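Colleague: Need a 3D model of the following:
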Amino acid sequence: MRSVISGLLLIFLSACDQTPGNIALGTLERDRISHTATSNEVIVDLPVAKGSMVTKGTVLVRLDNTQQTAQVAKAKADVAQAVAHLEKLQKGARDEEIAGARANVAGKKATLLESEANYKRIKNMALKELTSKSSLDKALAERDSDRANLLSAQEQLRALIKGTREEDLRMAEASLQAVQAVLAVEQKRLSDLTITATRDGVLDNLPWNLGERVTAGSPLAIVLAGKSPFARIYVPEPYRVKLKINDSLIVHVDGLDKPIQGTLSWIANEPAFSPYYALNQAERARLMYLAEVQLPDSASHLPNGVPAQVEMP
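Modeller: Sure, this is the predicted structure:
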């Protein structure tokens with residue numbers, strides 16, 4: 001009885017297996033683009049509904065940018081300060097500053113002449129024992145101090161006349177470049193808080209709800225790229241050498257009565273399963289090569305995951 005049932009089952013399975021030998025099996029797929037969060041912020045806007053067609057540049061999610069906007073403003077202020085400092089060094093001292101420095105030197109010279117005269121007078125008095133030793137020491141200290149002040153004023157005047165040193169200019173330029181780089185980073189962080197589509201496609205999913213605080217690195221929007229899907233198939237080894245990129249192939253999709261004309265957009269150069277040296281001559285037909293057959297725009301309504309069969313040449 002068991003043998004009879006087994007025989008009937010084999011006959012039934014053989015009758016049901018109507019798959020032609022020149023068919024490559026697979027499913028319809030699209031490239032899955034995951035837009036992730038770069039910071040922990042609250043979602044303030046979801047302008048596009050799930051399932052909608054989107055184009056490159058369409059805003060998908062907006063995060064709260066209050067804090068980052070302040071960071072950008074601070075970085076801009078730092079850049080403005082660095083620019084002003086560099087321009088000041090490049091222009092050098094103004095005529096008024098040089099004139100003021102010269103007047104300061106003249107004043108220091110007059111003060112020194114007075115202190116030197118006072119020192120000589122007290123020194124003569126000390127020789128005649130008409131004043132104390134401490135008065136002479138005090139007059140000498142005042143004269144030396146006024147002499148040092150004159151030298152300092154003269155050096156300041158000389159620095160203003162010669163202008164800014166080349167090393168100071170390079171330091172100011174480097175400081176400006178540093179704050180400009182910081183500004184660029186802060187502006188990039190600000191722009192990242194507005195999630196936009198990077199390719200045309202279908203907005204498949206929005207994992208977070210409006211008002212939730214997202215975690216950095218988590219997906220905010222999933223886009224299935226491309227107007228129409230492609231058939232990801234496994235090509236049997238005997239047909240691999242017959243195929244080349246841009247070949248036209250007939251695609252049968254489950255649920256559609258009429259086949260679709262597709263174009264071979266990619267095919268692997270290496271087998272997806274066992275390497276050839278692990279199989280004997282009779283088993284090499286089991287090798288499979290992964291390939292993608294792009295469907296026309298008229299097939300944009302077809303969903304992902306639907307089984308497809310592609311006729312081999």
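
Colleague: going forward, measure contacts and count neighbours with C-alpha atoms only.
Modeller: OK.

Colleague: What are the boundaries of the helices in the chain?
Modeller: Applying DSSP state H to the chain gives helices spanning 2-16, 66-91, 95-127, 133-162, 166-192, 237-240.

Colleague: Mind putting those into CSV with mean neighbour count, mean pLDDT and distance to Leu28?
Modeller: Output for the helices of the chain, formatted as CSV (neighbours: other C-alpha atoms under 10 Å; pLDDT from 0 to 100; distance: least, C-alpha to C-alpha, whole Å):
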stretch, mean neighbour count, mean pLDDT, distance to Leu28
helix 2-16, 10, 36, 24
helix 66-91, 16, 93, 41
helix 95-127, 16, 82, 77
helix 133-162, 16, 83, 75
helix 166-192, 16, 93, 32
helix 237-240, 16, 88, 20
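
Colleague: May I see the ones you listed arranged in JSON lines, with distance to Tyr289 as well?
Modeller: Shown next, in JSON lines, are the helices of the chain (distance: least, C-alpha to C-alpha, whole Å):
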{"stretch": "helix 2-16", "distance to Tyr289": "26"}
{"stretch": "helix 66-91", "distance to Tyr289": "49"}
{"stretch": "helix 95-127", "distance to Tyr289": "80"}
{"stretch": "helix 133-162", "distance to Tyr289": "76"}
{"stretch": "helix 166-192", "distance to Tyr289": "39"}
{"stretch": "helix 237-240", "distance to Tyr289": "7"}
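
Colleague: quick one, which of those helices is nearest to Ile222?
Modeller: In terms of C-alpha to C-alpha, the element of these nearest to Ile222 is helix 166-192, at 15.9 Å.

Colleague: Measure how far the closest one is from the centre of its chain, please.
Modeller: Put simply, helix 166-192 sits 16 Å off its chain's centre (C-alpha atoms, centre = their mean, to the nearest Å).

Colleague: go on, stretch 59-68?
Modeller: Distance of stretch 59-68 from the chain centroid (C-alpha atoms, centre = their mean) equals 16 Å.

Colleague: just stretch 110-128 next, same as before
Modeller: Computed by C-alpha atoms, centre = their mean, the chain-centroid distance of stretch 110-128 equals 73 Å.

Colleague: Residues contacting that stretch, please?
Modeller: Contact with stretch 110-128 is made by 131-133, 135-136, 139-140, 142-143, 146-147, 150, as judged by C-alpha atoms under 8 Å, 6 or more residues apart in numbering.
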